[in-house]
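Engineer: Quick check, what structure comes out for this input:
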Amino acid sequence: MNTEPEASHFLSLTRPILLVEDNPMDIDFALQSFEENKIANPVVICRDGEEALAFMHDHAAAEDRQLPIVVLLDLGLPKVDGLDVLRQARQHPVWKQIPLIVLTTSGESADISRAYELGVNSYIVKPVNFAAFADVVKQIKAYWLLINQPPFSEPKRRHP
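Structural biologist: Numbers count the residues shown, from 1 in each chain. As a prediction, this is how the structure comes out:
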């Protein structure tokens, strides 16, 4: 059975993951972890908060196929910090519905509280080694890409 056309059709409909991260090593960890966990979604990278806000502005319609399925957001960003990006995302009628995960080195209770006050969906402290990072990505894939029903997409079909 040839499933290649179905696979290419699926990939053409796959919404991206938005990675907002300034640390080149963490970007490499994320991309390697996505590959290791066979994540098919394309990845869009914004290297500072200003780039992230520009991306949000450029992709602000629910029918935009570049609207991410999930956002992984670092807090310690240059130009505009992650909490400001989160605040502005949650004030936008479309972006406030996008699942947003803080993935940062800060485990400070003030940062965690503030992120949840601003509407983050999940807060994860980044592991410092690759194996642990890849495991976190595996968990993100399991829940946010496979189980969760994201906004602005066709309902997932459950196979018996």
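Engineer: quick one: the helices in the protein?
Structural biologist: 4-13, 24-36, 49-58, 82-89, 109-117, 130-140 (DSSP state H).
Engineer: Alpha carbons of the fifth one, as PDB, please.
Structural biologist: Included here for helix 109-117 are C-alpha records, laid out as PDB according to Å, rounded to 0.1, in the frame of the first residue of the first chain:
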ATOM      1  CA  SER A 109       8.700  31.100  41.900                       C
ATOM      2  CA  ALA A 110       8.100  34.700  40.900                       C
ATOM      3  CA  ASP A 111       8.700  33.900  37.200                       C
ATOM      4  CA  ILE A 112       6.400  30.800  37.400                       C
ATOM      5  CA  SER A 113       3.600  32.800  39.100                       C
ATOM      6  CA  ARG A 114       3.900  35.700  36.700                       C
ATOM      7  CA  ALA A 115       3.800  33.400  33.700                       C
ATOM      8  CA  TYR A 116       0.600  31.600  34.900                       C
ATOM      9  CA  GLU A 117      -0.900  35.000  35.800                       C
END
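Engineer: State whether V102 and G82 are indeed in contact, as I suppose.
Structural biologist: Yes. At 6.7 Å, V102 and G82 qualify as touching, with contact defined as C-beta atoms under 8 Å. (Glycine included, C-beta is placed from N, CA and C.)
Engineer: Need the overlap of contacts for the two.
Structural biologist: Here V102 and G82 share the contacting residues 73-75, scored by C-beta atoms under 8 Å, 6 or more residues apart in numbering.
Engineer: quick one: which of the residues you listed sit in strands?
Structural biologist: Under the assignment DSSP state E, the shared contacts of V102 and G82 contribute L73 to strands.
Engineer: Would you reformat the shared contacts of V102 and G82 as a markdown table and include pLDDT, neighbour count and distance to L146?
Structural biologist: Converted to a markdown table, those look like this (pLDDT from 0 to 100; neighbours: other C-beta atoms under 10 Å; distance: C-beta to C-beta, whole Å):
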| residue | pLDDT | neighbour count | distance to L146 |
| --- | --- | --- | --- |
| L73 | 98 | 26 | 21 |
| D74 | 97 | 26 | 24 |
| L75 | 96 | 24 | 26 |
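Engineer: Distance to L18 for the shared contacts of V102 and G82 - can I get that in a markdown table?
Structural biologist: Below are those laid out as a markdown table (distance: C-beta to C-beta, whole Å):
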| residue | distance to L18 |
| --- | --- |
| L73 | 8 |
| D74 | 12 |
| L75 | 15 |
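Engineer: Kind regards, and thank you for your time.
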